[in-house]
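> Sequence and predicted structure are below.
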Amino acid sequence: MSYLVSNSLNPIAKKLRREFDAIMTDPHSPDRFQWDWWHLPGRYTHLRTPAAQFFSESAAAKLVEELRKYGRQNLGCQEISPIWLSNYVEGCEQRLHADRPHGPWAFVLSLSPLRRKFQGGETIMIRPEILSLWSQGVPAGHAFEENEIVERVPPIQGRLVVFDPRRPHGVSRVSGTLDPLEGRLVVHGWFAQPLPFVEGPMTPAAAEDSLQAFDKVLAKSLSNGIESTGTAAYRIFISPTGRATRVIKLASSLTCSRLETLASENRIIFAAVKTHFVGWKFPPAKRASILTLPLSFER
């Protein structure tokens, strides 16, 4: 799968949906009067507003808390961008585009009705294999239909979709309703600040020594350079004795024009992480610690 899907934010999604319904079913509620009709011809058409301004302070704070928690646990990102709330009714869409500067991962959390009356509204993404089609060679006589070119993710309430925002993506045109209560409703933004962090009793200073030493190890492992770009996050489990017991990859958006090079560089990076940290002696502690290590490669 070239994107991540989670239902872990379903409880907060339900709460936000209830608040949205309460506001939008009251024709005299002043909270209804803050939507921006965002229309850029040939690019975007939908209603939008900052989520923090629309929802209650407690619900908006809980949403930020849950997204930050997800980003730290699954992506190695410590922060999120300001969150938007968007609503799509008849004729609304987002044409294909890319969002490189906002953060290494984009997210869409659907608050759409459980029983959808509208058609369309899927998050659409160009398939990774299409982006590298010409460098990999086009099979002779092979034809492509639309579903072989794009991936479509339906807006199911409570579903969190996370993807590399460098991939061209958009929202398919919505039809079937002019009622905001029946439209595609999502909160969306970007996970940001991929930085190392420690959970547990190990001090940041103790982790910093190992991280500085690792910089040299990685530079040596990649002494011939690296073609892949993107962000990969790893988690190192450290026992009370100060020894790393396990290293896992959390997520990776690394990509390269040549698949064999991407696979090779992934192996080199993971081997460097595993060899260095398993061999490192951290200070002993009363409890185990976890070191999360995101690595970003840009050209």
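Everything's here; your move.

> okay, CA-based contacts and neighbour counts for the rest of this
OK.

> so where do the helices sit in the stretch 51-200 of the chain?
If DSSP state H, counting those that start in this stretch is used as the criterion, the helices of the stretch 51-200 of the chain fall at 51-54, 57-74, 128-131, 133-136, 146-149.

> Worst mean pLDDT among those?
Lowest mean pLDDT of the helices of the stretch 51-200 of the chain: helix 133-136, a mean of 59.

> Provide the contact partners of the longest helix along the chain at residue level.
Among the segments of the chain that qualify as a helix by DSSP state H, the longest is helix 259-279. The contact list for helix 259-279, computed with CA atoms under 8 Å, 6 or more residues apart in numbering, reads 136, 210, 214, 217-218, 221-222, 226-228, 236, 243-247, 249, 254-256.

> got the residue ranges for the strands in the stretch 151-299 of the chain?
Remark: strands assigned in the stretch 151-299 of the chain by DSSP state E, counting those that start in this stretch are 160-163, 169-171, 184-194, 197-199, 230-238, 244-252, 289-297.

> Could you give the average pLDDT over the last one?
Going back to what we said before, that points to strand 289-297. Mean predicted confidence for strand 289-297 is 96.

> Output the contacting helices and strands for that strand.
Helices and strands touching strand 289-297, by 3 or more CA pairs under 8 Å, 6 or more residues apart in numbering; DSSP states H and E, are strand 184-194, strand 197-199, strand 230-238.

> winner for burial among the ones you listed?
Ranked by mean neighbour count under mean count of other CA atoms under 10 Å, the helices and strands packed on strand 289-297 are led by strand 184-194, which reaches a mean of 24.

> strands paired with that strand, and their directions?
Applying DSSP bridges, strand 184-194 is found paired with strand 77-80 (antiparallel), strand 84-88 (antiparallel), strand 105-110 (antiparallel).

> out of those, which comes closest to Leu131?
Closest approach to Leu131 among the strands paired with strand 184-194 (CA to CA): strand 105-110, 17.9 Å.

> mind showing which ranges of the stretch 51-200 of the chain have poor pLDDT?
Flagging of the stretch 51-200 of the chain using pLDDT under 70 yields the residue ranges 132-143.

> and Arg243, how far is that from Ile290?
Distance, Arg243 to Ile290, by CA to CA, to the nearest Å: 11 Å.

> same deal with Glu199?
Taken as CA to CA, the span from Glu199 to Ile290 is 5 Å.

> cool, and His28?
51 Å.

> With neighbour numbers in mind, choose between these two.
Between His28 and Ile290, counted using other CA atoms under 10 Å, Ile290 has the larger neighbour count: 19 against 10.

> Return the residues in contact with that one.
Going by CA under 8 Å, 6+ apart, Ile290 touches 198-200, 235-238.

> run the last query once more with 10 Å
By CA atoms under 10 Å, 6 or more residues apart in numbering, the contact set of Ile290 is 197-202, 235-239, 244, 246-247.

> Looking at these, which is nearest Pro168?
Among the contacts of Ile290, Arg235 lies closest to Pro168 (CA to CA), at 28.8 Å.

> Just give the closest residue to that closest one, not the sequence neighbours.
Once flanking residues are discounted, Arg235 sits nearest to Thr292: 4.5 Å by CA to CA, 6 or more residues apart in numbering.

> State the distance from Gln94 to Glu199.
39 Å.

> Please apply the same query to Ile12.
24 Å.

> shared neighbours, Glu199 and Ile290?
Common neighbours of Glu199 and Ile290 (CA under 10 Å, 6+ apart) are Phe237.

> on that earlier part again, which among the contacts of helix 259-279 count as buried?
214, 217-218, 221, 226-228, 236, 243-244, 247, 249, 254-256 (16 or more other CA atoms under 10 Å).

> thought Asn281 was touching Thr245?
Small correction: residue 281 is Lys, not Asn. No: look at Lys281 against Thr245 with CA atoms under 10 Å: they stay out of range, at 11.4 Å.

> Quickly list what's touching both of those two.
Going by CA under 10 Å, 6+ apart, residues that sit against Lys281 and also against Thr245 are Ile238.

> and Leu85, what is it in contact with?
So Leu85 contacts 35, 47-55, 108-111, 185-189 (CA under 10 Å, 6+ apart).

> and if you look at Arg299?
Arg299 touches 226-230, counting by CA under 10 Å, 6+ apart.

> would JSON lines of those with pLDDT and distance to Glu122 be doable?
Below are the contacts of Arg299 laid out as JSON lines (pLDDT from 0 to 100; distance: CA to CA, whole Å):
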{"residue": "Ile226", "pLDDT": "93", "distance to Glu122": "35"}
{"residue": "Glu227", "pLDDT": "91", "distance to Glu122": "32"}
{"residue": "Ser228", "pLDDT": "92", "distance to Glu122": "29"}
{"residue": "Thr229", "pLDDT": "93", "distance to Glu122": "27"}
{"residue": "Gly230", "pLDDT": "93", "distance to Glu122": "25"}
